[in-house]
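Peer 1: give me coordinates for this.
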Amino acid sequence: MWKNETAENEERSSRRRRFMAALIGAALVSGIAYGTNWIVGLNGGSNGEGHSGTVSNISITAVASPAAGNLLYPGGSGDVVVSISNPNPFPVTITAVQLPTNTTYATGYTTSALSTTQAGCLAATPSGVTWSFATGSSGSSHTLTTPLTVAASGQSDNPLAVTLTNDASMALSSPAACEDTYFSMPSLTGVTASAGGTATQ
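Peer 2: Next comes the predicted model:
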C-alpha cells in the first residue's frame, strides 16, 4: 500500500514536471516567434531637410543677321536670330515670349554689329518693322510652336543661337532708308518659362 502511494506520487510529480517543462518550452517558442515578427512603425512628423536654390533670369539678345533667303521687305516677314543665355544650374524651357505693342518699332543699323544707326530708319521714324505676332496697345503673349529648352549654366558661356522663323514683319509704309538694313528688334517684355526639360541642340 505504501509502495503504491509512493509510486503514484512519483508518477504525479513526474507528470507535473513534464507539464511544466512543456509550458516553459511553449512559452519560449511563443516568445521567439513573437520577437521575430515585431513590426516597426514611423512616428508622425518624421522628415528630412532640403534646400532650393535661387533662380536667375535668362538673357535673350540680338545676334548676326539671318541668312539670305528669308529677309524683310515691305509687306513681308523675315527671320529673327536671337542668342539665349541660361546662367542657372538647371535647364530652362521657354514656352512663350511676351511681345511689346504692335506699334513698337525696331531700330535700323548699318551693319550686323548693330553699332551705327541707319539714318531715316529708326524706331521713331518709324521703321515699320515690328514683331510679327505683336497685337494691341498693351503687348501680348506669343506661344512658341515648339517649346525651347536651354541647357544649364554652360549656356551662359556659350549662348544658344536660335532662329525665329518669320517673327519680324515690315509694313508697306516702311521708308526707303530701311533698304539693306539690319534691325534690332524691340525688347521682349518677358518670357513664360519653367525649370527642366531636355536641352535643344
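
Peer 1: residue 137 is in contact with residue 104, isn't it?
Peer 2: No. Counting by C-beta atoms under 8 Å, residue 137 sits too far from residue 104 to count as a contact (9.9 Å). (Each C-beta comes from the backbone N, C-alpha and C, glycine too.)

Peer 1: which one of the two is surrounded by more residues?
Peer 2: Regarding residue 137 and residue 104, a neighbour count based on other C-beta atoms under 10 Å identifies residue 104 as having more, with 18 against 8.

Peer 1: ok, that one to residue 45 distance?
Peer 2: Taking C-beta to C-beta, to the nearest Å as the measure, residue 104 falls 54 Å from residue 45.

Peer 1: same thing with residue 188?
Peer 2: 46 Å.

Peer 1: quick one: which of these two has more around it?
Peer 2: Ranked by neighbour count (other C-beta under 10 Å), residue 188 and residue 45 place residue 188 first, with 15 against 5.

Peer 1: and the nearest residue to that one once chain neighbours are set aside, what helix or strand is that in?
Peer 2: Once flanking residues are discounted, residue 188 sits nearest to residue 97: 5.2 Å by C-beta to C-beta, 6 or more residues apart in numbering. Using DSSP states H and E, residue 97 falls within strand 92-99.

Peer 1: can you pull out the low-pLDDT segments for this structure?
Peer 2: Counting by pLDDT under 70, the chain has low-confidence residues at 1-36, 67-68, 154-157, 197-201.

Peer 1: where along it do the strands fall?
Peer 2: For the chain, strands defined by DSSP state E occupy the ranges 59-62, 77-85, 92-99, 107-109, 129-131, 140-150, 160-170, 182-184, 190-195.

Peer 1: just the residues contacting the first one, thanks.
Peer 2: Counting by C-beta atoms under 8 Å, 6 or more residues apart in numbering, strand 59-62 makes contact with 81-85, 87, 97, 114, 159, 184-185, 188, 191, all of which sit outside it.

Peer 1: if you set the cut-off to 6 Å instead, what comes out?
Peer 2: 82, 83, 84, 85, 184 (C-beta atoms under 6 Å, 6 or more residues apart in numbering).

Peer 1: ok, the fourth one touching residue 160?
Peer 2: I take that to be residue 85. No. Checked against C-beta atoms under 6 Å, the pair residue 85 and residue 160 is beyond contact range at 7.9 Å.

Peer 1: now residue 71. Nearest residue, chain neighbours left out?
Peer 2: Sequence neighbours aside, residue 78 is the residue nearest to residue 71 in space, at 5.0 Å (criterion: C-beta to C-beta, 6+ apart).

Peer 1: neighbours around that neighbour, how many?
Peer 2: Residues near residue 78, counting by other C-beta under 10 Å, number 20.

Peer 1: pretty sure it is touching residue 69, no?
Peer 2: No. With contact defined as C-beta under 6 Å, residue 78 does not reach residue 69; the gap is 9.5 Å.

Peer 1: need the helices for the chain, in chain order.
Peer 2: 2-36, 154-157 (DSSP state H).

Peer 1: is residue 82 bridged to anything, and to what?
Peer 2: Residue 82 forms beta bridges with residue 62, residue 162, as assigned by DSSP bridges.
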